[in-house]
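Student: Just a sequence and a predicted model for now, questions to come.
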Amino acid sequence: MSVLIEIRDLVKVYEMGDVQVRALDGVSFNVEKGEFIAIMGPSGSGKSTLMNLIGCLDTATSGTYRLNEHEVSHLDDDELARIRNREIGFVFQTFNLLSRASALENVEVPLVYAGVPRHERRQRAKELLAMVGLGDRMHHQPNELSGGQRQRVAVARALVNNPSLLLADEPTGNLDSRTGDEIMALFDELNRKGNTIVLVTHEEDIARHARAVVRLRDGKIVEEQRRDDAAPVSP
């Protein structure tokens, strides 16, 4: 296996008036290609900040972050957007679907921004919706779908550009437990197919689906746990 994410001594400081808040304080770890890792921690632990940095939605104050051999720690906004669109698929707790667009049109959106021709992007979107079990619902709008179906649309959209990384932020947070289990089964399947997944969650039962758990407190990694059948996370 090769390294997809390499994070070294990552620090993020927010200026709040005369006060400096150290949201991340020297975080270091690797994620190998094909791994499934959960990031956990209480409110204020730094997990949302770390997710934003991994997702190229923000930049670190210091330290280094390499994603798929790209040094992204100190890129400008335009460069971050290019890396983000090419390398990362996002799945959010609130689905973030376009309410007046069909499931098919929602999945197509990243391909529109990538300049993919209409016929090609439509075919790709249909394939992804079929893969997540929504081949018969592709022309329905989000308000005609259940919460679990909407999250499946969001997963299909996240995968449509063949990203290096699937980054999921509390993906079952708005779902009942049975539907949440179905979505996590989908993540398990995607990981078995070789997709690299980084999942941010506060729920232990959701984190158990991951092969490794990185726990944060006060901006530092306080524990790394792994299943017996997984290789260790590099410190």
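Tutor: Yep, it's here.
Student: hey, which helix is longest across this structure?
Tutor: Among the elements of type helix in the chain, defined by DSSP state H, the one spanning the most residues is helix 177-192.
Student: for whichever helix or strand comes after it, packing partners?
Tutor: The helix or strand immediately downstream of helix 177-192 is strand 196-200, counting by DSSP states H and E. Contact analysis of strand 196-200 by 3 or more CB pairs under 8 Å, 6 or more residues apart in numbering; DSSP states H and E lists strand 19-32, strand 36-40, helix 47-54, strand 165-169, helix 177-192 as its packing neighbours. C-beta coordinates here come from the backbone N, C-alpha and C atoms, glycine included.
Student: The third one: which residues count as buried?
Tutor: Think helix 47-54. By neighbour count on 16 or more other CB atoms under 10 Å, the buried set for helix 47-54 is 47-54.
Student: Same list (those residues) but as CSV, adding pLDDT and distance to Gln123.
Tutor: Supplementary listing: these in CSV, determined by pLDDT from 0 to 100; distance: CB to CB, whole Å:
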residue, pLDDT, distance to Gln123
Lys47, 92, 37
Ser48, 90, 36
Thr49, 93, 38
Leu50, 94, 36
Met51, 93, 32
Asn52, 92, 33
Leu53, 93, 34
Ile54, 94, 30
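Student: then stretch 143-153 to PDB, C-alphas only?
Tutor: Below are the C-alpha coordinates for stretch 143-153, written out as PDB (Å, rounded to 0.1, in the frame of the first residue of the first chain):
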ATOM      1  CA  ASN A 143     -38.200  15.900  -1.500                       C
ATOM      2  CA  GLU A 144     -39.500  12.800  -3.200                       C
ATOM      3  CA  LEU A 145     -36.700  10.700  -1.600                       C
ATOM      4  CA  SER A 146     -36.200   9.300   1.900                       C
ATOM      5  CA  GLY A 147     -33.300  10.500   4.000                       C
ATOM      6  CA  GLY A 148     -31.300   7.400   3.300                       C
ATOM      7  CA  GLN A 149     -32.000   7.700  -0.400                       C
ATOM      8  CA  ARG A 150     -30.900  11.400  -0.400                       C
ATOM      9  CA  GLN A 151     -27.600  10.300   1.300                       C
ATOM     10  CA  ARG A 152     -27.100   7.600  -1.400                       C
ATOM     11  CA  VAL A 153     -27.500  10.400  -4.000                       C
END
